[in-house]
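Engineer: Sharing a model that was predicted from the sequence below.
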Amino acid sequence: MFGSSGRLFKDELCGHASARPVLEQSVVAGDEMVEALPNSRSSSNAFYKINTVHKDCIVNSANSAQYRIMSIAERKEREKEEMRRNILAAALKLFRERGYDGVSIRNIADAIEYSPATIYLYFRDKSEIFAALQFEAASVMRDHLMPLLQIEDPWERLVNFGRRYIDFGLKHPDLYDLIFIIRAPMEDIANQECWVLGESTHQFWVETVQACVDARYFKSTDTETIAFTLWCYVHGLVALFVRERMRMYPEEKREELAKKSFVMLTKMAEIL
């Protein structure tokens with residue numbers, strides 16, 4: 001008579017597991033009584049149906065209540081996440097427009113039309129907001145570079161590293177600006193998640209250069225200087241785009257010029 005939903009109702013919601021044997025005995029006794037008294041079949045079936053409907057109503061009601069509780073909790077969690085996203089989006093825009101020092105918690109609060117007290121419910125201070133933005137930006141960059149892990153040849157991986165690095169900067173100028181260009185107090189960022197993630201990405205770059213050195217793709221064996229020199233180049237290239245310093249060139253030629261420049265760099269790198 002009791003399905004799995006009924007057992008779940010008794011055991012998990014009511015905590016009456018010890019009552020199960022008594023209920024099961026009642027079911028058996030009822031079945032035997034029906035067999036012994038055939039003339040009572042109709043009344044017994046009616047009793048069975050009434051009880052089944054009653055139990056289903058209880059189970060459905062409990063499930064419905066539980067669903068409502070979960071829905072409320074989920075909705076509140078979604079609302080919190082939405083507010084957090086709104087704060088970060090407003091902060092990113094302000095940081096790019098005014099720089100780190102030119103933005104206050106009140107500025108961010110005004111941008112989302114809430115009081116500063118609301119901001120402090122989600123972030124300790126401005127530096128924590130900035131760190132959260134940097135972590136998200138660094139995560140997007142890491143994901144953009146992730147396909148490089150599948151490339152075994154170190155030189156091919158290095159060339160594609162540069163291409164994908166530049167591509168990230170051109171596609172996500174706001175995020176690139178946030179990670180590498182906007183001035184901010186680094187002591188507030190060091191050792192935080194965003195810093196650790198950025199360091200791991202940079203270490204992957206250095207290891208790629210080291211693999212090229214080991215395979216004798218470079219004449220020099222100074223891995224650190226080679227890695228730094230190549231990074232300085234691609235960073236400078238992207239920064240010109242991000243900060244809109246390419247206007248002396250026709251817009252339709254800028255990206256093509258960047259790609260040609262990078263090809264030239266890879267050829268020059270072979271003689272390092």
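Structural biologist: Everything's here; your move.
Engineer: alpha carbons only for contacts and neighbour counts from here, please
Structural biologist: OK.
Engineer: which SS state does residue 114 fall under?
Structural biologist: Under DSSP: H, G, I helix; E, B strand; the rest coil, residue 114 falls in the coil class.
Engineer: mind checking how far it is from residue 84?
Structural biologist: 12 Å (C-alpha to C-alpha, to the nearest Å).
Engineer: The two: which is more packed in?
Structural biologist: Using other C-alpha atoms under 10 Å as the criterion, residue 114 and residue 84 rank with residue 84 on top: 16 against 13.
Engineer: what's the burial count for the nearest residue to the more buried one once chain neighbours are set aside?
Structural biologist: Leaving out its chain neighbours, the residue that sits closest to residue 84 by C-alpha to C-alpha, 6 or more residues apart in numbering is residue 122, at 6.8 Å. Residues contacting residue 122 under the criterion other C-alpha under 10 Å number 15.
Engineer: low-scoring pLDDT stretches of the stretch 1-150 of the chain, where are they?
Structural biologist: 1-70 (pLDDT under 70).
Engineer: And the helices in it?
Structural biologist: 4-8, 20-36, 41-98, 105-112, 116-120, 126-145 (DSSP state H, counting those that start in this stretch).
Engineer: what sits up against the fourth one?
Structural biologist: It refers to helix 105-112. 86, 87, 90, 91, 94, 115, 116, 118, 119, 125, 126 (C-alpha atoms under 8 Å, 6 or more residues apart in numbering).
Engineer: What count of nearby residues applies to the third one?
Structural biologist: When neighbours are counted by other C-alpha under 10 Å, residue 90 registers 16.
Engineer: residues touching it, list them.
Structural biologist: 108, 111, 112.
Engineer: Of the residues you listed - the most surrounded one?
Structural biologist: Result: residue 108 is most packed of the contacts of residue 90 (other C-alpha under 10 Å), 25 neighbours.
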